[in-house]
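K.L.:
Below: sequence and its predicted model.
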Amino acid sequence: MSAKLTLITEIVTGVGMLPGALLETVFQGPCRLDQLQGVDPETWNELCALWAEGTYAAAFESAFAHGRYFLSAPGGLRGRPPVKVEWKGPHKPPEHDPLPADLRVDDVYIVSCKNDSKVLSNPSPRALFRSALRSDALKGTDWYGEIAPEEYNALYAACVSMAGFWGFPDSPLGLTKPQRDQLKRQFRRKWPVELGGEVAAFNSAVSQRSASALNAVISTKADREHFYWRLLRLHSAPYFILGTQPSGPIRLRVLTPWDFRRKYRFAGLKVVADDVGQPQISWSAAFVDLEQDVEINTRGHVEIRWSHGKFCGAPEAKIYLDTPHVDACGYQAI
């Protein structure tokens, strides 16, 4: 999501929670909402300019509607006007894996604004596969070089040979930034057909060994249940998700592990390697709904990929939720 849409989604959702605000007029001048905190005049003026432009009218309307819904929802503010709505803004949180807060209402209600994104989190591969998200301190290394050095080197050597580059190091771990940029430009799009063997071996090795590493870390049923909580970002304090997905609006309360245990019995979690043309694993978790006495599944996958192009920087592990948010175990409609 672009920076402009992020700004609109987060702040306008908060504005929608204030009953005295009218979408048609509130962005036509200086901010007069005493309850709104954390939004400086420069940022407010940017919102006013975006509103006047008209290009983002649908985004304004959608975000405002989410805030209005939260104001009136029985599982939200229940119609009680908030004393203050704080916008977190772009600053980096001081602790590892904090509550994913974009807004805080009356020092109690934490709200995460999520639009058109199935991404749950974006940790380093080592934090995911070596510690099962217990710590984000395990980072800074090239996961490909660590988990599949032979296949990685073979793919790299084939790329350098095909491109006809001279003076490149024997290992991709020794590449300089200009050299990485050269490789990125040369192999910007899909891998050439001629590299099919090296690419397939590389993808298989990274996927299989990453899945094996994670399975070794979450060896017990309790480990796997706790890992699922970390995947879905369940915390000891509840928070809310407001936004829109392709399936429609999502207005959810994220359960705490305490709430979760009251509602579900954990049946198991599987982690397997995928064969999809890139390094990837899939995860699936099964639960029994204690009220309905039926089994429910929640699924997702992890893409292990370069974030800035081929051979550019250490790879990332982007965790996706494939099950619609409204159907995922751990999220409850408000």
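P.N.:
Structure's in. What do you need?

K.L.:
give me phi/psi at residue 230?
P.N.:
Summarising the backbone geometry of residue 230 under the convention degrees, to the nearest 10, its torsions are phi -70, psi -40.

K.L.:
Tell me how many other residues crowd it.
P.N.:
The tally of other residues near residue 230 (other C-beta atoms under 10 Å) stands at 19. C-beta coordinates here come from the backbone N, C-alpha and C atoms, glycine included.

K.L.:
Surely it is in contact with residue 132?
P.N.:
Yes - Residue 230 is in contact with residue 132 according to C-beta atoms under 8 Å; the separation is 7.0 Å.

K.L.:
the longest helix in the protein is where?
P.N.:
Scanning the chain for the longest helix, with DSSP state H as the assignment, gives helix 196-217.

K.L.:
packing partners for that one?
P.N.:
In terms of contacts (3 or more C-beta pairs under 8 Å, 6 or more residues apart in numbering; DSSP states H and E), helix 196-217 is packed against helix 125-129, helix 143-147, helix 149-163, strand 264-273, strand 280-289, strand 294-305.

K.L.:
Now do the buried residues in the longest one.
P.N.:
Just to be clear, that refers to helix 149-163. Residues of helix 149-163 classed as buried by neighbour count (16 or more other C-beta atoms under 10 Å): 151, 152, 153, 154, 155, 156, 158, 159, 160.

K.L.:
so who does residue 100 touch?
P.N.:
With contact set as C-beta atoms under 8 Å, 6 or more residues apart in numbering, residue 100 has these partners: 112, 233, 239.

K.L.:
From residue 223, how far out is it?
P.N.:
From residue 100 over to residue 223 the distance is 23 Å, taken as C-beta to C-beta, to the nearest Å.

K.L.:
Residue 289 now?
P.N.:
Relative to residue 223, residue 289 is positioned 23 Å away (C-beta to C-beta).

K.L.:
Equivalent analysis for residue 206, please.
P.N.:
Counting by C-beta to C-beta, the gap from residue 206 to residue 223 is 23 Å.

K.L.:
Tell me which of those two has more neighbours.
P.N.:
Neighbour count, other C-beta under 10 Å: between residue 206 and residue 223, residue 206 has more, with 25 against 15.

K.L.:
Show the contacting residues for the residue nearest to the more buried one when sequence neighbours are not counted.
P.N.:
Spatially, and ignoring its direct neighbours in sequence, residue 206 is nearest to residue 279 (3.7 Å; C-beta to C-beta, 6 or more residues apart in numbering). Contacts were defined as C-beta under 8 Å, 6+ apart; by that measure residue 279 touches 144, 202, 203, 206, 207, 210, 303, 304, 305, 315.

K.L.:
Cool, thanks, signing off.
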